[in-house]
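S.K.: The following comprises the amino acid sequence and a computationally predicted model.
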Amino acid sequence: MQNAKSVMEIRMHGVDGTVETFTQDAASIADAILQDVKPGRLFGLEKIVIAGTHSLTAFVPSKLIRIDFVREGVACWAFPAGIVDAVELSETEFRDKAHLDDTTHLQKRDQLRTPGEFAVGFLDIEMVGGPHVFLGVEFVVGLPMEQLQRVNLLLSAPSVHFRMRQGGFGTLNLSNLVRFTAYPGPPQAPANAWPAHHKPNA
């Protein structure tokens, strides 16, 4: 829960499971921080430094799995081309919306979609140390080659960012990614993908 007195909270999630929270009470300073942050470059910095009234803390980005900027009413950073929105879900919401517990409604990868129409997909992202992040992603359907390019970009991107339900947005350090699963996957898989079916956990 965000501190009632703070305009913004910054939460730094370490690969060891620790979470450190910092607060900023001034709206103008919070605005400046958010304008300065470049989500695609955040985890490529040598250090991320946070200066408080009584302390100065530096983080090594490679040892972080996630950074949250919690603030109500703030617009999210722009998403990559073709992505309309990405929002964090609870595990229950994710399983319900992706129909994981109702296989009769589970969408197949080879469903036909018209380029230009809007569609929704779901991501289960597992990070180093075990935490999962569940996302609902709204996107514009592209041509088959464009869809494959998006998958390749996600596999090679340094980070991914998304809206959080409580306000603000989070960003994940994909160098500490263990696995992600997309439901449904794109109709065309990468050329080096192994053709095998996902066996549900017992």
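M.R.: Thanks, I have the structure now.
S.K.: name the element residue 95 belongs to?
M.R.: Counting by DSSP states H and E, the element that carries residue 95 is helix 91-97.
S.K.: same for that helix, what does it pack against?
M.R.: Helices and strands touching helix 91-97, by 3 or more Cβ pairs under 8 Å, 6 or more residues apart in numbering; DSSP states H and E, are strand 118-127, strand 132-140. All C-beta spots, glycine's among them, are computed from the backbone N, C-alpha and C.
S.K.: Select, out of these, the one closest to residue 70.
M.R.: In terms of Cβ to Cβ, the element of the helices and strands packed on helix 91-97 nearest to residue 70 is strand 132-140, at 15.0 Å.
S.K.: List the pairing partners of that closest one within its sheet, with orientation.
M.R.: Strand 132-140 sits in its sheet next to strand 83-89 (antiparallel), strand 118-127 (antiparallel), going by DSSP bridges.
S.K.: Let's have these in a markdown table, adding mean pLDDT.
M.R.: Listed next are those as a markdown table, based on pLDDT from 0 to 100:
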| stretch | mean pLDDT |
| --- | --- |
| strand 83-89 | 93 |
| strand 118-127 | 92 |
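S.K.: Residue 100 is nearest to which of those strands?
M.R.: strand 118-127 (8.7 Å).
S.K.: ok, how many other residues are close to the residue nearest to residue 167 when sequence neighbours are not counted?
M.R.: Nearest residue to residue 167 in three dimensions, chain neighbours excluded: residue 72, at 3.6 Å (Cβ to Cβ, 6 or more residues apart in numbering). The number of residues packed near residue 72 is 10, by other Cβ atoms under 10 Å.
S.K.: Give me the neighbour count for residue 91.
M.R.: The burial count for residue 91: 12, using other Cβ under 10 Å.
S.K.: do the same with residue 49
M.R.: 10.
S.K.: Okay, and the beta partners of it?
M.R.: residue 58.
S.K.: what pLDDT does it get?
M.R.: You'll see residue 49 listed with a pLDDT of 97.
S.K.: next one: residue 110
M.R.: Predicted confidence (pLDDT) for residue 110: 69.
S.K.: Same question for residue 23.
M.R.: pLDDT, read off for residue 23, is 96.
S.K.: my read: it touches residue 11, true?
M.R.: No: if you go by Cβ atoms under 8 Å, residue 23 and residue 11 don't touch, sitting 10.1 Å apart.
S.K.: Just read off the phi/psi values of residue 43.
M.R.: phi -90, psi 0 (degrees, to the nearest 10).
S.K.: Now for it: which residues touch it?
M.R.: Each residue near residue 43 by Cβ atoms under 8 Å, 6 or more residues apart in numbering is listed here: 61, 62, 64, 158, 159, 171, 173, 174, 175.
S.K.: burial measure for the fifth one, as a count.
M.R.: Other residues within reach of residue 159 by the criterion other Cβ under 10 Å amount to 20.
S.K.: Pull the residues that contact stretch 95-109.
M.R.: Here stretch 95-109 has contacts from 89, 94, 120, 122, 136, 183, 184, 185, 186, 187, 189, using Cβ under 8 Å, 6+ apart.
S.K.: would you turn the strands paired with strand 132-140 into TSV with distance to residue 6 and mean neighbour count?
M.R.: Output for the strands paired with strand 132-140, formatted as TSV (distance: least, Cβ to Cβ, whole Å; neighbours: other Cβ atoms under 10 Å):
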stretch	distance to residue 6	mean neighbour count
strand 83-89	20	17
strand 118-127	26	17
